[in-house]
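In: I would like the atomic coordinates for the input below:
(chains A and B)
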There are 2 protein chains.
Amino acid sequence: MAPQPTLAVVGATGAVGTVLCDLLSARRNVWGEIRLLASARSVGRKVRCRGEELTVGALTPEAFDGVDVAVFDVPDEVAARWAPIAVDRGAVVVDNSAAFRMDPAVPLVVPEINPDQVDHRPKGIIANANCTTLTMIVAIAPLHREYGLRELVLASYQAVSGAGQAGVDALHRQLGKIAGDRVLGSRPGDVRQAVGDDLGPFPAPLALNVVPWAGSLADHGWSSEEMKVRNESRKILGLPDLKVSATCVRVPVVTGHSVAVHAVFATEVDAEGAREALRNAPGVILVDDPAAGEFPMPIDAVGTDPSWVGRIRRAVDDPRALDLFVTGDNLRKGAALNTAQIAELVVRPRTRS
Amino acid sequence: MAPQPTLAVVGATGAVGTVLCDLLSARRNVWGEIRLLASARSVGRKVRCRGEELTVGALTPEAFDGVDVAVFDVPDEVAARWAPIAVDRGAVVVDNSAAFRMDPAVPLVVPEINPDQVDHRPKGIIANANCTTLTMIVAIAPLHREYGLRELVLASYQAVSGAGQAGVDALHRQLGKIAGDRVLGSRPGDVRQAVGDDLGPFPAPLALNVVPWAGSLADHGWSSEEMKVRNESRKILGLPDLKVSATCVRVPVVTGHSVAVHAVFATEVDAEGAREALRNAPGVILVDDPAAGEFPMPIDAVGTDPSWVGRIRRAVDDPRALDLFVTGDNLRKGAALNTAQIAELVVRPRTRS
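Out: Below you'll find the predicted structure:
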């Protein structure tokens, strides 16, 4: 029997890396050695993974020697620099940053949708999609197979942990400041005055607010997050002409991205048929009984693997359109889980041809 | 000179009624007597309005004697019963409930859009639109005039005060319970456990959550709120064939409804032309400079009269579509302000023909 493969986790102490270590402890154990790597300030930290206490090591070229798969949960520029180094040392890289996602030579893989793409990796790099895209796309793909997707109009409700631990800390600090204050500033409701300039990584307070902005400024007023959702959806579904409009909005939720979806198809749809397609789809849980208070919400999806989908309705004025609501854990399916799933696909046992 | 008209405010002590009294203190003073009316449990309460201390009176038929305009901020069933009584006693009713909005004999008026409708009131009743519709429609109407509206896809971010003072109280209590708690329940992030069953008027906790539900269950899985937005938009704009899909979502914001809008038009659009149309539109303030952190948000719109509109982009994949974001104070333009504006139109001086 072959020895179990070695996994390296780069960025092991970040918001996503931490969840990945938790996930590796709970999933079927396909890995031999697990090597945790991080930037200099985290080297030497102890992290529990699979019941063992592991010591975080330094990110060096040599650290990738003997590594079969290296998963990266680091900023774009760190991934852009270090992924090729890991590949040079013999590892297959699964990268959670945006650095390689739109590279035609890098597959963008969602195991429930396009698992075969894992094996087409001329650069040795496989990309993981953006958390908003991932949350929504596992629920869209089965509907596309059923009806033929033509257009998506999306509005997101994104959690602060999508901006990392700094985002979580900022929201908690802000909530601490406004707790018990029902007036909020000299102008009633003035959250800006109550919170002050303690904004963390966000352009405005998140407590008692919604902020219609995520990422950086792309062309023509679009945010980078909105363009990612468009471009990645097209690539994952293999639909280069798909029409996509997204508005990405940050909301005061710790973990759990939600997306309101208006999807237009090539053929007439019906809500019960859509529910049936989703009931049998991998990675999806159907929660669709509004009369019983059952619809997808962050407080229920947090800490779970699937995308929760509900509020499924045929558009009143368009027999080819469905409206629905999807919520998923942005740190799990939106990031760490999808990464782990891809890594497991890379090392899966194959039947010889 | 004719004596100044008498105004009755029915539901003067509710969330909207309170804001209406504030507004009447600040707006041009067109009213003689202001008579505050409410249900039995509020009778005798003192409320400041226009610098005077007024005593809340009982809702009786006689209370409408001598009243020129009666504005109603009460539940649907109370409005349905009492509005005709007020009309019988000689008052023109401006009703903020849903009881009469879709009655073909009742105009649905937004003074910036269809002020002339005020004079076509065969039942003596004028309806005020739903707060989500009102917030968004003042920004849509100028774009419709410019480009010819064909379709709206909407996702809302609705504040808890839209569910009245009980909604505000519930969110504040929940935020008090979770403040300083970074674990939240035995399953991390379990807001349900941290908040308990103190849900107020909502089907689920709002603290650190978004709830894709507002109103009651209409046909085919739609919420009553979503159907109101569709039907009222069609009626206000005079577009009986307008395609509308809305997903209405409650968010942990005290006051300020936001709407992500995807609007499809008859002709090609451009973002700068849309900005120009909105810059000159009544009741709208343009806030559209993402690089400078300027976009519409509840914490800025609260306590102000106009709808704040920004994030204006032409759809990347549809030259006839615009994406934008609108935020307004749901208690002001979304309710009390629009009511006050209609009441003022009813009693405006006319030039004789």
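
In: Around A:Asp289, how many other residues sit close by?
Out: By other Cβ atoms under 10 Å in any protein chain shown, 12 other residues sit near A:Asp289. Where C-beta positions appear, they are placed from N, C-alpha and C, glycine not excepted.

In: typo on my end, it should be A:Leu20
Out: Using other Cβ under 10 Å, A:Leu20 is surrounded by 29 other residues.

In: now do A:Pro240
Out: When neighbours are defined as other Cβ under 10 Å, A:Pro240 has 8 of them.

In: Same question for the one 3 residues further on.
Out: Using other Cβ under 10 Å as the criterion, A:Lys243 is surrounded by 18 other residues.

In: And the lowest-mean-pLDDT helix or strand in chain A, what's buried?
Out: Least confident helix or strand of chain A, by mean pLDDT, DSSP states H and E, is helix A:191-195 with a mean of 87. For helix A:191-195, the neighbour count (16 or more other Cβ atoms under 10 Å in any protein chain shown) marks A:Val191, A:Arg192, A:Ala194, A:Val195 as buried.

In: Among those, list the two that are farthest apart in space.
Out: The largest separation in those, counting by Cβ to Cβ, is between A:Arg192 and A:Ala194 at 7.4 Å.

In: still on that earlier bit, which helices and strands does the least confident helix or strand of chain A pack with?
Out: Taking 3 or more Cβ pairs under 8 Å, 6 or more residues apart in numbering or on different chains; DSSP states H and E as contact, the helices and strands that helix A:191-195 lies on are helix A:165-178, helix B:298-301.

In: Please work out which of those is packed deepest.
Out: helix B:298-301 (a mean of 26; mean count of other Cβ atoms under 10 Å in any protein chain shown).

In: chain center to that one: distance?
Out: 15 Å (Cα atoms, centre = their mean, to the nearest Å).

In: helix or strand right after it?
Out: Of the helices and strands lying after helix B:298-301 in sequence (DSSP states H and E), the nearest is strand B:307-314.

In: chain center to that following strand, what's the gap?
Out: Here the centre of strand B:307-314 is set off from its chain's centre by 19 Å, with Cα atoms, centre = their mean.

In: hmm, back to that, any chance of the buried residues of helix A:191-195 in TSV, with distance to A:Leu337 too?
Out: TSV is the format used below for the buried residues of helix A:191-195 (distance: Cβ to Cβ, whole Å):
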residue	distance to A:Leu337
A:Val191	34
A:Arg192	36
A:Ala194	36
A:Val195	33
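
In: Which of those sits closest to A:Val269?
Out: Of all the buried residues of helix A:191-195, A:Val191 has the smallest distance to A:Val269: 40.7 Å, by Cβ to Cβ.

In: I'd say the closest one and A:Pro205 touch.
Out: Yes - using Cβ atoms under 8 Å, A:Val191 is in contact with A:Pro205, at 5.1 Å.

In: quick one on the thing from earlier: following the chain past the least confident helix or strand of chain A, name the next helix or strand.
Out: From helix A:191-195 onward toward the C-terminus, using DSSP H and E, the following helix or strand is helix A:224-237.

In: Mind checking what helix or strand follows that following helix in sequence?
Out: strand A:243-247.

In: Let me know the average pLDDT across stretch A:110-123.
Out: The average pLDDT for stretch A:110-123 rounds to 97.

In: Enumerate every residue touching A:Phe72.
Out: Taking Cβ atoms under 8 Å, 6 or more residues apart in numbering or on different chains, we find A:Phe72 in contact with A:Val10, A:Gly11, A:Val78, A:Ala79, A:Trp82, A:Ala83, A:Ala86, A:Val93, A:Val94, A:Asp95, A:Asn96, A:Ser97.

In: one more time with 6 Å
Out: Going by Cβ atoms under 6 Å, 6 or more residues apart in numbering or on different chains, A:Phe72 touches A:Val10, A:Ala79, A:Asp95.

In: And for A:Val253?
Out: With contacts defined as Cβ under 6 Å, 6+ apart, A:Val253 is in contact with A:Ala159, A:Pro298, B:Leu208.

In: Go through those and say which is closest to B:Asp103.
Out: Of all the contacts of A:Val253, B:Asp103 sits closest to A:Pro298, with 38.8 Å by Cβ to Cβ.

In: so after whichever helix or strand A:Ser25 is part of, what's the next helix or strand?
Out: Using DSSP H and E, A:Ser25 sits within helix A:15-26. Counting by DSSP H and E, the next helix or strand C-terminal to helix A:15-26 is strand A:34-38.

In: list the buried ones in that next one?
Out: Neighbour-count burial for strand A:34-38 [16+ other Cβ under 10 Å]: A:Ile34, A:Arg35, A:Leu36, A:Leu37, A:Ala38.

In: Turn those residues into CSV, columns for pLDDT and distance to B:Glu272.
Out: Below are the buried residues of strand A:34-38 laid out as CSV (pLDDT from 0 to 100; distance: Cβ to Cβ, whole Å):
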residue, pLDDT, distance to B:Glu272
A:Ile34, 96, 53
A:Arg35, 97, 53
A:Leu36, 96, 50
A:Leu37, 96, 48
A:Ala38, 94, 46
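
In: now, among the residues you listed, which is nearest to chain B?
Out: A:Leu36 (20.8 Å; Cβ to the nearest Cβ).

In: For the closest residue in space to the closest one that isn't next to it in sequence, grab the count of nearby residues.
Out: Counting by Cβ to Cβ, 6 or more residues apart in numbering or on different chains, the nearest residue to A:Leu36 once its immediate chain neighbours are dropped is A:Ala12, at 3.8 Å. Around A:Ala12 there are 26 other residues, counting by other Cβ under 10 Å.

In: Wait, a helix at A:Ala12?
Out: No - per DSSP: H, G, I helix; E, B strand; the rest coil, A:Ala12 lies outside any helix segment and is coil.

In: Look up how far chain B lies from it.
Out: A:Ala12 sits 19 Å away from chain B, going by Cβ to the nearest Cβ, to the nearest Å.

In: contacting residues for that residue?
Out: Residues in contact with A:Ala12 (Cβ under 6 Å, 6+ apart) are A:Leu36, A:Ala38, A:Val56.

In: one more time with 8 Å, if that's ok
Out: Neighbours of A:Ala12 in contact, by Cβ under 8 Å, 6+ apart: A:Thr18, A:Leu20, A:Cys21, A:Leu36, A:Leu37, A:Ala38, A:Ser42, A:Val47, A:Val56, A:Asp73.

In: Any idea how many residues pack against the residue nearest to A:Tyr147 when sequence neighbours are not counted?
Out: Nearest non-adjacent residue to A:Tyr147, counting by Cβ to Cβ, 6+ apart: A:Phe265, 3.6 Å away. The local packing of A:Phe265 (other Cβ under 10 Å) involves 20 other residues.

In: Who are the contact partners of A:Phe265?
Out: The contact partners of A:Phe265, by Cβ under 8 Å, 6+ apart, come to A:Leu143, A:His144, A:Tyr147, A:Gly148, A:Leu149, A:Arg150, A:Arg320, A:Ala321, A:Leu322.

In: thinking again about what came up before, so what does the helix holding A:Ser25 touch, helix or strand wise?
Out: Applying 3+ Cβ pairs under 8 Å, 6+ apart, one finds that helix A:15-26 contacts strand A:7-10, strand A:34-38, strand A:46-49, helix A:337-346.

In: highest average neighbour count across those?
Out: Mean neighbours per residue, mean count of other Cβ under 10 Å, is largest over the helices and strands packed on helix A:15-26 for strand A:7-10, with a mean of 28.

In: circling back to that earlier point, just the buried residues of the helix holding A:Ser25, please?
Out: Using 16+ other Cβ under 10 Å as the test for burial, helix A:15-26 gives A:Ala15, A:Val16, A:Gly17, A:Thr18, A:Val19, A:Leu20, A:Cys21, A:Asp22, A:Leu23, A:Leu24.

In: Name the nearest residue to A:Asp300, sequence neighbours excluded.
Out: With Cβ to Cβ, 6+ apart as the criterion, A:Asp300 has its nearest non-adjacent residue at 6.6 Å, and that residue is A:Trp308.
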